[in-house]
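[1] here's my sequence, what's the structure:
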Amino acid sequence: MRGAAVTTAAAAAVLLLAGSGCGTTPHYAPPSATYHVAPDGDDRNAGTSPDEAWRTLDRAERTGLEPGDRLLLKGGARFAGTITVGENEAGDADRPVTIGSYGGGRATVAATDTPGISVHNTAGVAIRDVEVTGAGSSYTREGGINLYSDLPGGEKLEGVAVTDVEVSGFRAGIAVGGTQSGSGFRDVTVRQAELHGNKDVGLLTYGPAFDAGKPAYAHRDVRVEEVEAHHNTGDPRLTDTHSGNGIILGGVRDATVRDSSAHDNGTRASAKAPAGPVGIWAYDAADIVLEHNTSYRNHTGSAVDGAGFGLDANVTGSTIQYNLAFQNDGPGYYVYTDKKNGAHIQNTIRYNVATENGRKLPVNGALAVHGQDIRNLDIYQNTLVMSDSPNGPGPAVRLRGGQTGVALRNNILVTEHAPLITAEAGLGTRDVILQGNDYAASAGPWSIDWAGRSFAGLGAWRDATGQERVDGRPSGLNADPCFAGGASPAVRSAADARLIVPDCASLAGRGLDLRALFGTDAGAVDYFGRPAGTPPPIGAAVPSAPR
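    Predicted coordinates:
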């Protein structure tokens with residue numbers, strides 16, 4: 001839309017206030033306007049009431065939107081075209097321009113070869129209660145709700161809220177982007193969104209190429225809440241990168257994904273792609289929190305990824321906590337970087353549950369840590385169960401080279417017929433340390449594969465490697481966790497997480513006191529929000545009353 005001139009009446013009011021003789025100049029906010037669009041409207045109308053509605057989005061595009069204005073589409077109706085809020089419009093976070101529906105139900109913006117709703121080089125915008133659908137090249141090129149800044153100088157445009165929307169048929173359902181200058185958005189909220197049927201990803205934030213010496217995150221303060229990203233299929237013709245993801249946070253600092261889900265994504269991802277899609281993950285990012293989410297039945301066409309959650313290249317100071325991953329093609333959780341730049345550091349994975357992952361790629365287990373330069377990673381109070389997959393057994397944890405200061409403590413690790421851990425050679429206790437974990441083989445023999453050697457007992461592995469010792473004393477257990485749902489609980493929904501609660505006293509209060517011993521914040525509550533106690537239990541859940 002074009003910027004609109006200030007009305008004569010508004011200009012006169014400003015002059016009167018400026019010449020009023022007061023000691024201070026009163027704040028004056030120009031009156032806002034509400035415009036309506038309806039299928040039975042007329043583009044010759046004023047648009048300022050339901051009875052005087054415009055008929056098309058093309059007409060709406062010819063009117064500039066000032067701070068506080070509203071553009072409302074008739075609920076239940078379908079409107080072909082796109083809505084653009086450009087550089088000379090909106091811009092006031094305290095008086096946002098609103099795009100939404102009126103009269104009951106959601107209106108649909110049906111785009112072909114363009115974004116459905118585009119916000120370019122401006123902010124102070126609220127998008128609510130609409131459905132956005134794409135067709136044509138929108139599926140391969142565009143974001144359905146597309147926020148983009150290419151302003152110079154690293155400016156952060158403040159205030160965008162996207163609430164109660166459904167987006168399908170685009171390359172990305174919702175995309176928030178910035179350019180090499182580091183310009184982008186600040187204070188962005190996406191809440192109660194259903195994002196499905198898109199090619200590459202449900203929700204994406206991205207920014208400039210990462211420079212470890214001078215990180216320039218395009219976006220700050222991003223909140224993603226109650227978002228469902230599902231059946232974003234991927235493109236079988238796309239062979240140079242991954243497609244079919246749920247939620248991706250890239251080029252951002254201070255962001256949260258909470259109470260959201262990613263499921264059934266990546267079903268058509270290419271087998272020739274160099275990497276596979278993932279449910280919820282971050283890259284080129286700092287201070288990220290992924291919490292209270294579920295990620296399940298996500299797929300990959302290639303021989304990698306297909307995970308539930310991940311911290312990928314150049315992620316620092318970030319936390320994955322209180323999440324559930326099940327029935328993904330790859331691991332439930334992974335940490336990875338292919339960069340030797342010291343930018344993957346000080347991350348935490350705690351109080352998460354994983355079960356029945358590795359359905360296609362069991363070799364990577366329930367949790368995988370691998371890459372070039374991973375530093376100071378804390379993994380504690382998780383319950384990682386790896387039942388045999390249709391493609392064979394897999395470990396609870398897979399550890400590969402390139403790690404320094406990685407600690408796994410107070411976790412429950414369970415497998416059926418695979419080794420509980422597989423670890424490459426060259427990982428000493430300064431690289432990876434395991435302490436206070438419980439190792440349980442639910443069906444086959446107990447074993448750990450470490451540096452090409454197989455160990456059939458906790459004591460033999462401890463003596464050979466120096467693992468599972470605290471201040472020289474033995475730690476760790478090989479006790480049955482007595483899950484409420486049996487030896488290998490079958491989780492099919494978030495409600496089924498109760499099946500991984502230990503149902504006997506074998507692990508109650510048996511965890512290491514992480515704060516006292518290592519200065520680690522063990523967290524006040526378990527996966528279910530119950531007091532964790534001091535010392536905490538082993539695993540993500542406090543045991544129920546002992547039998």
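[2] what's around the closest residue to Asn437 other than its chain neighbours, how many residues?
    Using Cβ to Cβ, 6 or more residues apart in numbering and skipping residues adjacent in sequence, the residue nearest Asn437 is Asn411, 4.8 Å away. Every residue, glycine included, has its C-beta placed from N, CA and C. For Asn411, the neighbour count with other Cβ atoms under 10 Å is 28.
[3] likewise Asn265?
    35.
[4] how near is it to Thr239?
    18 Å (Cβ to Cβ, to the nearest Å).
[5] my guess is the residue nearest to Asn437 contacts Asn382. True?
    Yes. Counting by Cβ atoms under 8 Å, Asn411 touches Asn382, with 4.7 Å between them.
[6] could you pull out the helices for the stretch 351-500 of the chain?
    Counting by DSSP state H, counting those that start in this stretch, one finds helices in the stretch 351-500 of the chain at the ranges 458-465.
[7] where do the contact lists of Asn411 and Asn382 overlap?
    Gly539 (Cβ atoms under 8 Å, 6 or more residues apart in numbering).
[8] in stretch 64-78, what's buried?
    64-75, 77 (16 or more other Cβ atoms under 10 Å).
[9] which one is Thr163 nearest to, not counting chain neighbours?
    Thr163 sits nearest to Arg128 (Cβ to Cβ, 6+ apart), 4.5 Å away.
[10] helix, strand, or coil at the one you found?
    The three-state label given to Arg128 by DSSP: H, G, I helix; E, B strand; the rest coil is strand.
[11] burial count for it?
    Quick note: Arg128 (other Cβ under 10 Å) scores 16 neighbours.
[12] identify the residues contacting it.
    98-101, 161-165.
[13] can you give me phi and psi for Leu514?
    phi -70, psi -40 (degrees, to the nearest 10).
[14] my error: substitute Ile280 in the last question.
    According to degrees, to the nearest 10, Ile280 has phi -140, psi 120.
[15] what stretches of the stretch 1-150 of the chain score poorly on pLDDT?
    By pLDDT under 70, the low-scoring segments of the stretch 1-150 of the chain are 1-29.
[16] helices of that one, start to end?
    Using DSSP H, counting those that start in this stretch, helices in the stretch 1-150 of the chain cover 8-18, 57-61, 138-141.
[17] three-state assignment of Ser506?
    Going by three-state DSSP: Ser506 is helix.
[18] contacting residues for the closest residue to it other than its chain neighbours?
    Leaving aside its sequence neighbours, Ser506 sits nearest to Ala479 (Cβ to Cβ, 6+ apart; 4.4 Å). Applying Cβ under 8 Å, 6+ apart to Ala479 gives the contacts 438, 440, 506-507.
[19] same check on Asp431?
    Per Cβ under 8 Å, 6+ apart, neighbours of Asp431: 403-406.
[20] in strands, which of those residues fall?
    Among the contacts of Asp431, the members found in strands (DSSP state E) are 403-406.
[21] okay, now the nearest residue to Tyr380 once chain neighbours are set aside: neighbour count?
    Excluding the flanking residues, the one nearest Tyr380 by Cβ to Cβ, 6+ apart is Arg409, at 4.4 Å. The tally of other residues near Arg409 (other Cβ under 10 Å) stands at 26.
[22] and for Asp40?
    Using other Cβ under 10 Å, Asp40 has 8 other residues around it.
[23] helix, strand, or coil at Asn341?
    Applying three-state DSSP: Asn341 is coil.
[24] ok, now how distant is the residue nearest to Ser506 from Leu517?
    For Ala479, the distance to Leu517 - Cβ to Cβ - is 20 Å.
[25] again with Ala218
    As judged by Cβ to Cβ, Ala218 and Leu517 stand 40 Å apart.
[26] next one: Gly154
    43 Å.
[27] check Ile248 too.
    From Ile248 to Leu517 the distance is 36 Å (Cβ to Cβ).
[28] neighbour-wise, which of those two wins?
    Neighbours were counted for Ile248 and for Leu517 using other Cβ under 10 Å; Ile248 has more, 30 against 15.
[29] what sits closest to the more buried one if chain neighbours are left out?
    Leu204 (4.8 Å).
[30] tell me the pLDDT at the one you found?
    Leu204 carries a pLDDT score of 98 in this model.
[31] could you point out which element follows the helix or strand hosting it?
    Assigned by DSSP states H and E, Leu204 belongs to strand 201-206. Downstream of strand 201-206, the next assigned helix or strand under DSSP H and E is strand 219-230.
[32] starting from that following strand, tell me which strands it pairs with and how they run.
    strand 184-196 (parallel), strand 245-258 (parallel), strand 261-263 (parallel) (DSSP bridges).
[33] want to throw these into a markdown table with mean pLDDT and distance to Phe309?
    Listed next are those as a markdown table, based on pLDDT from 0 to 100; distance: least, Cβ to Cβ, whole Å:
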| stretch | mean pLDDT | distance to Phe309 |
| --- | --- | --- |
| strand 184-196 | 98 | 17 |
| strand 245-258 | 98 | 9 |
| strand 261-263 | 98 | 9 |
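[34] adding distance to Glu291, write those strands out as a markdown table.
    Listed next are these as a markdown table, based on distance: least, Cβ to Cβ, whole Å:
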| stretch | distance to Glu291 |
| --- | --- |
| strand 184-196 | 15 |
| strand 245-258 | 5 |
| strand 261-263 | 13 |
